[in-house]
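Chemist: Could you work out the structure for the sequence below:
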Amino acid sequence: MNRTVPVFYLVLILFFGCDDNISTKSATNNTVVDSIEIITTFINNDSLNEDLFAKRAKIFLQRGNINQALRDIQTALDINSEKAELFILLSDVYLVLGQTDNSILSLKKAIKLNPDDYIPLLKLSEVYLLLEDPETAIRYANKAISLDRYNAESYYIKAMGLMENGDTNQAITNLRISANYDSTNYMTFMQLGAIYTARNDSSSKTYFTKALNIYPSDERALYYLGMYYHENSQFDAALEKYSRVVDLYPQNNRAYYNMGYIYLVEYNDYENAKLMFEKAVELSPSYVEAVYNLGRTLEVMGDYNGAREYYWKALDLLPNYPLAVQSLNRLDDIQIRNNQEN
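Modeler: Okay, the predicted model is just below:
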């Protein structure tokens with residue numbers, strides 16, 4: 001029985017994996033269609049050329065036309081079943097289909113045909129990572145490294161296996177090696193930043209900054225760098241990063257929430273806090289923390305009825321939410337005192 005994996009993991013394999021045969025650069029539909037038409041014309045004139053079918057299969061795969069990609073790669077293999085690259089491409093197609101067993105078999109066939117190529121070994125490592133088998137993933141990554149010790153991606157994939165195995169120190173070592181061999185790999189720096197964030201280590205700032213230098217408008221790098229500044233009480237810098245996030249990615253409700261929290265708790269700027277929390281709630285009505293803190297902001301602004309409304313909304317979203325219960329009790333006490341004074 002074939003094992004299956006979630007689609008979003010498959011996307012990571014295709015677009016962050018070691019095989020650069022499938023371009024990650026976006027292309028317009030017209031450009032892709034023209035490419036298919038051109039290759040089809042060549043195929044019509046040379047129908048026994050397996051490389052042409054493989055090229056068209058890659059484009060189909062890139063477009064998400066999986067059945068056409070599978071058909072073309074199978075045709076290519078009918079023409080020449082001794083070419084390792086074709087089995088590597090076939091493994092990619094099977095992986096997108098969720099047929100991990102067939103993907104593994106295809107990669108092992110590629111290794112048998114060309115045992116000196118590190119790519120199928122590294123792809124096997126990726127597949128076993130998806131299957132939550134880090135020890136096997138590490139084993140294949142080590143084999144890939146033994147064939148090409150300067151390939152940055154091999155150390156990166158090995159690091160992911162080590163992370164899954166709980167060996168964070170060795171994961172850091174391998175990520176650093178990967179970064180030394182490829183200083184343009186955004187994901188390497190993001191992983192290092194995430195690890196050091198979890199350790200409350202200020203080195204995280206360095207790695208998120210390096211990731212941002214590679215992709216200056218990247219949402220995650222901007223957000224996590226903002227989080228670093230936020231958690232280290234550099235609130236102006238945090239607001240600058242969060243503002244950049246929402247300028248570029250206006251659907252990022254967490255950046256709005258974090259700005260609201262800074263305005264409310266650190267700056268006592270209730271008008272701006274209210275605006276930020278309102279935006280977070282507008283984007284995500286079920287964001288209970290944003291709903292609660294909007295109520296909290298209204299309370300400190302003296303709008304007790306508005307505050308009560310949002311505290312009840314928070315309780316609707318999360319029954320017995322302690323902060324909302326405490327806040328409603330506090331408002332009840334305020335109301336009782338006001339009634340007694342009057």
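
Chemist: Can you mark which positions in the top helix by length along the chain are buried?
Modeler: Ordering each helix of the chain by length in residues (DSSP state H) puts helix 322-341 first. By 16 or more other CB atoms under 10 Å, the buried positions in helix 322-341 come out as L323, A324, S327, L328, L331. Yep, even glycine has a C-beta here, placed from its N, CA and C like the rest.

Chemist: was I right about the third one contacting E309?
Modeler: Read it as S327. No - contact criterion CB atoms under 8 Å: S327 and E309 do not qualify, at 11.7 Å.

Chemist: Name all residues that sit in contact with these two at the same time.
Modeler: Here S327 and E309 have G295 as joint contacts, going by CB atoms under 8 Å, 6 or more residues apart in numbering.

Chemist: Domain parsing of the chain, as residue ranges.
Modeler: As assigned by automatic domain parsing, the chain contains the domains 1-115, 132-182.

Chemist: Let me see the contact set for Y270.
Modeler: Applying CB under 8 Å, 6+ apart, the residues near Y270 are Y263, L264, T297, V300, M301.

Chemist: right, and the helix or strand after the helix or strand of the chain with the lowest mean pLDDT?
Modeler: Counting by mean pLDDT, DSSP states H and E, the chain has its least confident helix or strand at helix 7-16, which shows a mean of 34. Next along the chain after helix 7-16, taking DSSP states H and E as the criterion, comes helix 29-45.

Chemist: What residues of the helix or strand hosting L124 count as buried?
Modeler: For L124, the host element (DSSP H and E) is helix 118-130. Buried residues in helix 118-130, defined by neighbour count with 16+ other CB under 10 Å: 118-130.

Chemist: L283 contacts R254, correct?
Modeler: No - L283 is not in contact with R254 according to CB under 8 Å; the separation is 9.4 Å.

Chemist: what mean pLDDT would you report for the host helix or strand of L192?
Modeler: Assessed by DSSP H and E, L192 sits inside helix 186-198. Throughout helix 186-198, pLDDT has a mean value of 95.

Chemist: So which residues make contact with it?
Modeler: Taking CB under 8 Å, 6+ apart as the rule, helix 186-198 contacts 16, 152, 156, 159-160, 163, 168, 171-172, 175-176, 178-179, 182, 202-208, 210-211, 214-215, 218, 220-221, 224, 227-228.
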